[in-house]
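Undergrad: Pasting a predicted model and its sequence here:
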Amino acid sequence: MAAIDLSSLRAVVFDTDGVVTDTARVHAAAWKHTFDTFLRGRSAPFDIRADYLRHVDGRPRLDGVRTFLASRGICLPEGGPDDEPGAPTVHGLGMVKDELFVRQIAEHGVAAFPSTVALLHELRRRGCRTAVVSASRHCHSVISSSGLIHLFDALVDGNDAARLGLPGKPDPALFAEAARRLGVPAAEVAIVEDALPGVAAGRRGGFGFVVAVDRSRTQAAAMTAAGADAVVTDLAELSVTGRVPVGPR
């Protein structure tokens, strides 16, 4: 069984969607509705499995629009934040997707993966520091809605990225900022990710241990090639060793 060894690691940084909260499918559905509406009469529909994982998962929203459209040979003007949702621009499509995601979360709430919650409690019980990151600007509301905000010492999201000028994954900037806020060097931080750009970011950033979560059971080889030290299908497969529990925090 793969293990986070706290004799050499002092902190763990978690990606949000698909790792902590079961919101990846909400993102994927919002992307499909957005792109299928735009692509009608232009190209084949958005594949909610292959296209989501390959082109948009783990990326900032506008990067996801650019990357997916490029895969179909489509180039749109950038537009700007004042574009109407659905306008034929990168910002226009991004705004549609964002509105759909926010509406779904408001209507249906956010569920956390039980195995992730159990892992967070065990890490905290052993005195390990934790952080959560996301390219989304809605990370704080998502984590708060899930009832887990108290289990993290730091949160870095898309609002921080915009304010600090942090590039998106596969650049390790989001993870590096989380480690900085935790006060722990990268070599003593574990990264837990479910997207290939995030796995690559963990490896590029020189982090001590990179765990990839392959819930689809289709990306293990690619995740290993991207730099994962361990690949699991659920965090229940990950144990914690190396430090005596210190009691509830």
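TA: Cool, the structure landed. Residues are numbered from 1 along each chain as shown.
Undergrad: what sits against the most far-flung residue of the chain relative to its centre?
TA: The outermost residue of the chain relative to its centre, with distances by C-alpha atoms, centre = their mean, is Gly41 at 31.7 Å. With C-beta atoms under 8 Å, 6 or more residues apart in numbering as the criterion, no residue contacts Gly41. In this view, the C-beta of every residue, glycine as well, is placed from N, C-alpha and C.
Undergrad: OK, contacts around Asp214?
TA: By C-beta under 8 Å, 6+ apart, the residues touching Asp214 are Asp194, Ala220, Met223, Val231, Val232, Thr233.
Undergrad: What subset of those is buried?
TA: Neighbour counting with 16 or more other C-beta atoms under 10 Å marks Asp194, Met223, Val231, Val232 as buried within those.
Undergrad: Turn those into CSV, columns for distance to Gly242.
TA: Shown next, in CSV, are those (distance: C-beta to C-beta, whole Å):
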residue, distance to Gly242
Asp194, 24
Met223, 24
Val231, 21
Val232, 18
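Undergrad: What is the longest helix of the chain by residue count?
TA: Identified as the longest helix of the chain according to DSSP state H is helix 90-108.
Undergrad: Pull out the buried positions in stretch 100-120.
TA: Leu100, Phe101, Gln104, Ile105, Val110, Ala112, Phe113, Thr116, Val117, Leu119, Leu120.
Undergrad: Widest-spaced pair of the residues you listed?
TA: Using C-beta to C-beta, the two most remote members of these are Leu100 and Leu119, lying 30.1 Å apart.
Undergrad: Was I right to think Val210 contacts Val232?
TA: No - look at Val210 against Val232 with C-beta atoms under 8 Å: they stay out of range, at 11.7 Å.
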